[in-house]
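>>> Make a model of this:
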Amino acid sequence: MNANEPPTTGPLTAKQIEAFWTDGYIMMDEAITPADLFDLQAVIGDWVAESRSYTQPWGQTLDGRPRFDIQPGHTFEHPTLRRVASPQEVCAVHRRIMRSSPLVDAAAQLVGPNLAVNNVKTNCKQPGSDTSVRFHQDFAYEAHSNDDLVAVLLFVDDVTLNNGPLEVIPGTHRGPIHDHWQDGKFTGTIAHDVLERLDSPVACHGLAGSACLMHSRLIHGSRPNLSDQQRTLSIFSYRSEDSRILHPNHLPSVNEGEVVRGSVTGRVRATAYEMALGEKPTGASFFEQQASGSKS
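From the prediction side, this is the model:
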């Protein structure tokens with residue numbers, strides 16, 4: 001952990017902080033205000049409605065890739081918006097939550113006190129969508145000088161056991177950074193034979209407005225949404241300010257490195273680890289990379 005002690009006061013209890021470092025994740029109630037949740041749901045609803053007018057990914061991020069990604073099979077009648085990259089660049093409520101909300105204070109308690117933005121994204125699973133996320137570690141996509149990184153997965157909708165909840169394998173953040181390559185191709189997934197040797201995943205579910213705070217090295221994934229209820233997560237990823245990315249960010253934005261708690265130290269802290277570098281996706285999102293791997 002950071003040599004500078006994280007804040008002792010904030011929305012998380014000492015027991016929650018201990019559980020985070022033991023299990024690699026914790027659940028948090030009321031991660032944002034009711035007003036921010038209402039505004040967030042409205043914006044994302046507008047984006048889903050807008051997606052009906054497109055037949056392919058649209059918009060543009062800082063590096064020229066599409067901002068809005070749709071799943072194959074998307075139609076006007078059955079829209080399948082699945083990813084919005086760096087939404088805070090085009091959405092005031094995402095920007096407001098990223099900078100000033102209980103979830104930011106919670107992240108600072110874990111990897112602060114000096115806390116910087118790593119990236120932001122929104123992942124959607126529309127009703128009946130077969131979009132899934134194969135098991136992986138975020139850190140395999142984003143090598144840093146140290147691993148004090150936390151992703152806050154904000155539940156924009158009620159997340160149930162049936163609508164494709166996040167699934168995590170507790171304690172795996174304390175294990176190795178697994179290979180995410182298959183047959184010479186970066187698929188962003190962990191091989192099936194490795195997963196077979198690990199514990200069973202645990203589903204994370206809860207009411208809209210709650211969140212899962214997850215260590216960047218924790219193994220996680222999710223199944224398709226087979227229900228008639230949408231499932232949307234807005235994901236705010238933060239790093240300790242003295243943890244510096246070692247390659248171009250796979251989700252670049254004008255806010256990368258913005259310090260939202262504490263101050264700029266002008267220092268870099270390095271810890272020892274070894275991993276194969278990932279590859280930045282060339283398409284709208286990492287879903288295409290994952291789809292390129294073997295399903296076995």
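
>>> ok, Glu167 to Arg52 distance?
Distance of Glu167 to Arg52, computed by C-beta to C-beta, to the nearest Å: 30 Å. All C-beta spots, glycine's among them, are computed from the backbone N, C-alpha and C.

>>> Who has more neighbours out of those two?
Glu167 (18 against 15; other C-beta atoms under 10 Å).

>>> which one is the more buried one nearest to, not counting chain neighbours?
Distances taken as C-beta to C-beta, 6 or more residues apart in numbering place Pro201 nearest to Glu167, at 3.9 Å, with adjacent residues excluded.

>>> That neighbour is in contact with Val168, isn't it?
Yes: applying C-beta atoms under 8 Å, one finds Pro201 in contact with Val168, separated by 6.1 Å.

>>> shared neighbours of these two, which are they?
Common contacts of Pro201 and Val168 (C-beta atoms under 8 Å, 6 or more residues apart in numbering): His220.

>>> which of the two has more neighbours?
Of the pair Pro201 and Val168, Val168 is the one with more neighbours under other C-beta under 10 Å, namely 25 against 19.

>>> backbone phi and psi for the closest residue to the more buried one other than its chain neighbours, please?
Counting by C-beta to C-beta, 6+ apart, Val168 lies nearest to His220, which is 4.5 Å off, once chain neighbours are set aside. Note on His220: its backbone torsions stand at phi -160, psi 170 [degrees, to the nearest 10].

>>> Double-check His220 against Phe135; I have them as touching.
Yes: here His220 reaches Phe135: they are 6.7 Å apart, a contact under C-beta under 8 Å.

>>> For those two, list the residues in contact with both.
Residues touching both His220 and Phe135 by C-beta under 8 Å, 6+ apart: 167, 169, 201.

>>> Identify the residues contacting the nearest residue to the second one once chain neighbours are set aside.
By that I understand Ile169. Excluding the flanking residues, the one nearest Ile169 by C-beta to C-beta, 6+ apart is Ile219, at 4.4 Å. Contact partners of Ile219, counting by C-beta under 8 Å, 6+ apart, are 135-137, 168-169, 172, 178, 190, 195, 198.
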